[in-house]
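Trainee: predicted structure and sequence below. I'll ask about it afterward.
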Amino acid sequence: MVVRPWLFALILCCTPVFSAGAQALQVLVGMNKPPYIQIETADGYEIELLRALVGRMGAKAEFTHVPNKRIQSLLQQNIGDMATLQPLKAAEPGLFYSCPYIRYQNVVVSLEMQQLTINQLADLKNLSVLAFQNATAVLGEEFRALAQQSFKYRETVEQRTQVESLHKLRVQAVVMDINIFYYHHDKIEPPQEVQVHALFPASYYRVAFRDKKLADAFNQAMLQFWQSPEYQQLQQRYLISDQSSLQAQCPTT
């Protein structure tokens with residue numbers, strides 16, 4: 001479900017206490033973002049990953065979809081039990097953070113036919129670029145400065161539009177997660193060859209909790225799931241790029 005103001009009163013507001021077989025945990029997640037989150041079908045890689053992890057905690061995941069910017073603030077208002085997509089640098093008082101549970105990899109993509117040379121961010125300066133919403137807040141100071149200086153730079157909330165705009169030559173490059181790009185790219189006919197320019201480091205995200213026992217239980221569930229065949233099968237089902245570097249980000253491994 002997508003959260004509405006009148007639903008706030010219906011969402012569990014008390015601090016949860018973890019125990020095996022506990023009631024459903026309210027998981028705050030982002031909006032529609034295939035292949036990670038697909039609201040209409042209640043699945044996607046991130047949804048199924050979280051569902052599996054919460055299941056290993058002995059509970060059932062119930063998802064509430066809200067804009068990314070509001071996820072953490074809602075948890076701090078005692079709305080929901082788990083706030084997803086929290087960056088590594090997040091350190092809000094009163095919250096407890098899991099190890100990273102998901103890895104995003106943003107890239108620059110251009111069409112092969114245009115033969116653009118893009119080896120560094122400065123090469124985007126004179127190009128028309130369409131990025132995902134809030135990219136300037138996520139991709140570092142150099143990228144933010146470049147975007148602010150370019151009249152050819154735009155952002156959009158609709159990532160399918162990014163890929164379509166690239167294929168229709170409306171822009172010269174797009175900036176987006178590699179898995180999201182290929183999800184939409186593979187649906188376009190006729191297909192066109194592309195160049196993928198890896199200019200950004202990977203982005204790792206954690207889950208925030210108000211209850212330390214829940215955070216510890218989530219970490220334990222991840223350690224177990226990482227060793228299971230279901231983990232690789234889930235990545236293969238959604239054609240998600242390798243997530244094995246997550247384990248190196250978790251000190252408990």
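Mentor: That came through fine.
Trainee: tell me how this structure divides into domains.
Mentor: Following automatic domain parsing, one gets these domains for the chain: 5-103+205-249, 106-197.
Trainee: just for the protein, where's the confidence low?
Mentor: For the chain, the stretches with pLDDT under 70 are 1-22, 252-253.
Trainee: in it, which helix is the longest?
Mentor: Determined from DSSP state H, the single longest helix within the chain is helix 212-226.
Trainee: next, the buried residues of that one.
Mentor: By neighbour count with 16 or more other Cβ atoms under 10 Å, helix 212-226 contains the buried residues 214-219, 221-222, 225-226. Backbone N, C-alpha and C define where each C-beta goes, glycine included.
Trainee: name the element P251 belongs to?
Mentor: Assigned by DSSP states H and E, P251 falls within no helix or strand.
Trainee: which residue, other than its chain neighbours, is closest to P191?
Mentor: The shortest distance from P191 to any non-neighbouring residue, by Cβ to Cβ, 6 or more residues apart in numbering, is to H185 (7.5 Å).
Trainee: what sits against that neighbour?
Mentor: By Cβ atoms under 8 Å, 6 or more residues apart in numbering, the residues touching H185 are 163, 167, 191, 194.
Trainee: which two from these end up farthest apart in space?
Mentor: V163 and P191 (11.3 Å; Cβ to Cβ).
Trainee: just the strands in this protein please.
Mentor: Assigned by DSSP state E, the chain shows strands spanning 25-29, 61-65, 82-87, 96-97, 102-104, 106-111, 129-132, 153-156, 173-177, 194-197, 203-209.
Trainee: redo the ones you listed as a markdown table? Include mean neighbour count and distance to A145.
Mentor: Shown next, in a markdown table, are these (neighbours: other Cβ atoms under 10 Å; distance: least, Cβ to Cβ, whole Å):
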| stretch | mean neighbour count | distance to A145 |
| --- | --- | --- |
| strand 25-29 | 24 | 31 |
| strand 61-65 | 19 | 33 |
| strand 82-87 | 24 | 20 |
| strand 96-97 | 18 | 29 |
| strand 102-104 | 19 | 22 |
| strand 106-111 | 20 | 16 |
| strand 129-132 | 23 | 14 |
| strand 153-156 | 17 | 11 |
| strand 173-177 | 25 | 15 |
| strand 194-197 | 18 | 18 |
| strand 203-209 | 23 | 19 |
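Trainee: including distance to G55, could the ones you listed go into CSV?
Mentor: Output for the strands of the chain, formatted as CSV (distance: least, Cβ to Cβ, whole Å):
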stretch, distance to G55
strand 25-29, 10
strand 61-65, 7
strand 82-87, 13
strand 96-97, 20
strand 102-104, 17
strand 106-111, 30
strand 129-132, 30
strand 153-156, 35
strand 173-177, 26
strand 194-197, 34
strand 203-209, 15
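Trainee: how distant is the longest helix of the chain from the center of its chain?
Mentor: Computed by Cα atoms, centre = their mean, to the nearest Å, the chain-centroid distance of helix 212-226 equals 19 Å.
Trainee: what's in contact with it?
Mentor: Against helix 212-226 from outside (Cβ under 8 Å, 6+ apart): 16-18, 25, 52-54, 56-58, 81-82, 96-99, 101, 207, 209, 231, 246-247, 250, 252-253.
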